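S.K.: Structure for the following, please:
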Amino acid sequence: MFNWRRRKTTGRHGEKRRQQQQQQHKELEIPRHFLCPITLDLMKDPVTLSSGITYDRESIETWLEDGNFTCPVTNQLLRSFDQIPNHSLRKMIQDWCVENGKYGVERIPTPRIPVTSEEVSEILFAIMDSNRRLDQCGCLDSVQKIKKWCMESERNRRCITANETAGVLAAAFDAFACDSFERNANVLEEILCVLNWMFPLDGEALEHLGSQSSLRCMVWFLKWRDLSVKQNSMAALKELLSCDQQYGEGLAAIDGVNEMLFNFIKDPISPSITKASLMVIFHMVSSCSSSEKIKSEFLDMGLVSLLLETIVESERSLCERALGVLDKLCDSKQGREVAYNNALAMPVLVKKILRVSELATEYSVSTIWKLSKDEERVLIEALQVGAFQKLLLLIQVGCGDETKEKATELLKLLNPYRAGLECIDSVDFKSLKRSF
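M.R.: All right, here's what the predicted structure looks like:
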């Protein structure tokens with residue numbers, strides 16, 4: 001009886017506290033002139049337009065960048081796009097936040113003044129001057145200033161990127177890499193870090209970043225530097241090859257790079273590096289003039305087995321990348337022969353149809369289609385692991401035209417061998433919905 005009464009009393013006290021808290025929240029009302037007219041959120045950096053209306057800087061910048069030339073509230077044409085900081089209102093908002101701190105309201109920080117195009121241009125001229133003189137210290141100071149601006153706000157990043165900063169930084173990276181990796185390691189690392197915020201890169205930046213000296217420098221980083229530098233280097237290589245796969249040939253010419261990419265998948269040190277490595281390999285084996293040689297090297301290392309092991313239990317994005325590389329490797333006769341002889345190949349490929357994503361299904365069907373062209377035993381094995389039912393269901397559910405064409409052709413190839421060989425895994429068909 002005592003325990004019951006105690007719990008009951010506690011319940012009454014708890015209910016009373018909740019009512020008090022609800023009353024406090026009802027009493028807390030944000031003054032209307034503290035709210036941005038666009039988002040109706042508390043303003044963090046209030047600025048006033050030529051129309052006399054005050055908005056939060058981020059909201060009004062988005063409005064203007066979308067091509068609007070009027071004031072959102074008055075709808076009048078703006079005589080000027082200047083945004084004048086409303087310091088008095090910002091101070092009032094900060095004081096209100098402090099007064100209501102007991103309700104969990106946090107004080108908004110004092111915003112920094114946004115960087116201007118003139119300031120960016122001045123820094124870029126300084127970097128170009130340091131580049132000509134190979135002045136590592138001067139260039140490092142300028143790059144760190146750009147990095148500091150980028151970290152302050154998204155607006156600063158847009159302003160810096162719009163002033164063709166990527167091309168200047170990539171040219172500096174090429175020049176210092178050509179001089180010496182080791183002596184200029186600090187400035188090269190900082191440049192690469194800032195460049196990672198500016199993807200996708202334009203033509204001039206790609207040209208400098210894709211030079212042989214720049215490629216060798218990034219490969220050197222992958223061998224000897226810390227994790228963050230390796231991540232930046234892999235991201236830059238992925239960006240480079242995704243824009244132009246011909247850079248893969250220059251990358252493949254560097255001693256040990258293929259083995260290093262293989263080891264990043266075999267012994268993962270970071271998910272982002274593993275995924276980027278798969279994408280770099282994908283581009284290297286896709287359309288390089290020497291892609292057959294590159295494929296042969298990866299196949300001799302045992303990449304097919306490694307990819308199949310990765311596909312079995314990996315998450316979606318990693319699985320898609322691994323399937324994409326496997327599909328490209330099977331373009332070659334040697335790749336298909338290696339896949340034929342791997343007991344995991346057909347069961348894993350069939351299993352991933354309609355199980356991971358549309359892209360994973362496309363790669364799986366494409367790989368099975370390539371493997372089924374040359375070997376009768378592949379068709380028999382495919383039937384034994386349920387390929388016929390999976391492909392039939394895929395056509396019924398819906399897929400891309402190319403995938404549908406390959407699936408239809410596979411069904412025709414499999415049909416003569418169906419008697420007594422089919423195996424259906426019903427778990428694959430649960431909760432499946434049509435795409436239309």
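
S.K.: For the nearest residue to residue 34 once chain neighbours are set aside, give its distance to residue 232.
M.R.: With CB to CB, 6 or more residues apart in numbering as the criterion, residue 34 has its nearest non-adjacent residue at 5.2 Å, and that residue is residue 93. Quick note: C-beta positions are derived from backbone N, CA and C, even for glycine. Residue 93 sits at a distance of 38 Å from residue 232 (criterion: CB to CB, to the nearest Å).

S.K.: ditto for residue 367
M.R.: 32 Å.

S.K.: Residue 404 now?
M.R.: With CB to CB as the criterion, residue 404 and residue 232 are 41 Å apart.

S.K.: Residue 84 too?
M.R.: Distance, residue 84 to residue 232, by CB to CB: 38 Å.

S.K.: Which one of these two is surrounded by more residues?
M.R.: With neighbours defined as other CB atoms under 10 Å, residue 84 and residue 232 compare such that residue 232 has more, 22 against 12.

S.K.: mind checking pLDDT for that one?
M.R.: For residue 232, the model assigns a pLDDT of 94.

S.K.: What of the one 4 residues further on?
M.R.: Residue 236 is assigned 95 on the pLDDT scale.

S.K.: now do residue 106
M.R.: Confidence at residue 106, expressed as pLDDT, is 87.

S.K.: can you check residue 166 too?
M.R.: So, for residue 166, pLDDT stands at 94.

S.K.: moving C-terminal of the strand or helix carrying it, what's the next helix or strand?
M.R.: Secondary structure assignment for residue 166, by DSSP states H and E: helix 165-179. On the C-terminal side of helix 165-179, the nearest following helix or strand under DSSP H and E is helix 185-195.

S.K.: ok now that next one, how far from the chain's centre?
M.R.: 20 Å (CA atoms, centre = their mean, to the nearest Å).

S.K.: relative orientation of that helix and helix 165-179 in degrees?
M.R.: 160 degrees (axes from the mean of the first three to the mean of the last three CA atoms, to 10 degrees).

S.K.: Report all helices and strands that the following helix or strand past helix 185-195 contacts.
M.R.: On the C-terminal side of helix 185-195, the closest following helix or strand by DSSP H and E is helix 203-209. Counting contacts by 3 or more CB pairs under 8 Å, 6 or more residues apart in numbering; DSSP states H and E, helix 203-209 is packed against helix 165-179, helix 227-243.

S.K.: Quick one: closest of these to residue 102.
M.R.: Nearest to residue 102, of all those, is helix 227-243, at 40.0 Å by CB to CB.

S.K.: For that closest one, list the C-alpha coordinates in PDB.
M.R.: Extracted in PDB, the C-alpha atoms of helix 227-243 (Å, rounded to 0.1, in the frame of the first residue of the first chain):
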ATOM      1  CA  LEU A 227      44.000   9.700 -42.700                       C
ATOM      2  CA  SER A 228      42.400  13.100 -43.500                       C
ATOM      3  CA  VAL A 229      45.000  13.800 -46.200                       C
ATOM      4  CA  LYS A 230      44.400  10.400 -47.700                       C
ATOM      5  CA  GLN A 231      40.600  11.100 -47.800                       C
ATOM      6  CA  ASN A 232      41.200  14.400 -49.500                       C
ATOM      7  CA  SER A 233      43.500  12.800 -52.100                       C
ATOM      8  CA  MET A 234      41.100  10.000 -52.800                       C
ATOM      9  CA  ALA A 235      38.200  12.400 -53.200                       C
ATOM     10  CA  ALA A 236      40.300  14.500 -55.600                       C
ATOM     11  CA  LEU A 237      41.200  11.500 -57.700                       C
ATOM     12  CA  LYS A 238      37.600  10.300 -57.800                       C
ATOM     13  CA  GLU A 239      36.500  13.800 -58.900                       C
ATOM     14  CA  LEU A 240      39.200  13.900 -61.500                       C
ATOM     15  CA  LEU A 241      38.400  10.600 -63.100                       C
ATOM     16  CA  SER A 242      34.600  11.100 -62.900                       C
ATOM     17  CA  CYS A 243      35.000  14.300 -65.000                       C
END
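
S.K.: for it, packing partners?
M.R.: Looks like helix 227-243 contacts helix 185-195, helix 203-209, helix 212-224, helix 247-252, helix 271-284 (3+ CB pairs under 8 Å, 6+ apart).

S.K.: need these in CSV with mean pLDDT, can you?
M.R.: As requested, the helices and strands packed on helix 227-243 are arranged in CSV below (pLDDT from 0 to 100):
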stretch, mean pLDDT
helix 185-195, 95
helix 203-209, 91
helix 212-224, 93
helix 247-252, 88
helix 271-284, 94
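
S.K.: Throw those into JSON lines and include mean neighbour count, thanks.
M.R.: Formatted as JSON lines, those follow (neighbours: other CB atoms under 10 Å):
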{"stretch": "helix 185-195", "mean neighbour count": "22"}
{"stretch": "helix 203-209", "mean neighbour count": "20"}
{"stretch": "helix 212-224", "mean neighbour count": "19"}
{"stretch": "helix 247-252", "mean neighbour count": "21"}
{"stretch": "helix 271-284", "mean neighbour count": "22"}
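
S.K.: domain parsing for this structure?
M.R.: The chain resolves into domains spanning 1-29, 31-111, 113-209 when parsed by automatic domain parsing.

S.K.: Can you tell me which of these is most buried?
M.R.: Among the domains of the chain, the stretch with the highest mean neighbour count (mean count of other CB atoms under 10 Å) is domain 113-209, at a mean of 18.

S.K.: end to end, how far does it reach?
M.R.: One end of domain 113-209 to the other measures 32 Å (CA to CA, to the nearest Å).

S.K.: Ok, stretch 291-309 next?
M.R.: In stretch 291-309, first residue to last residue: 24 Å (CA to CA).
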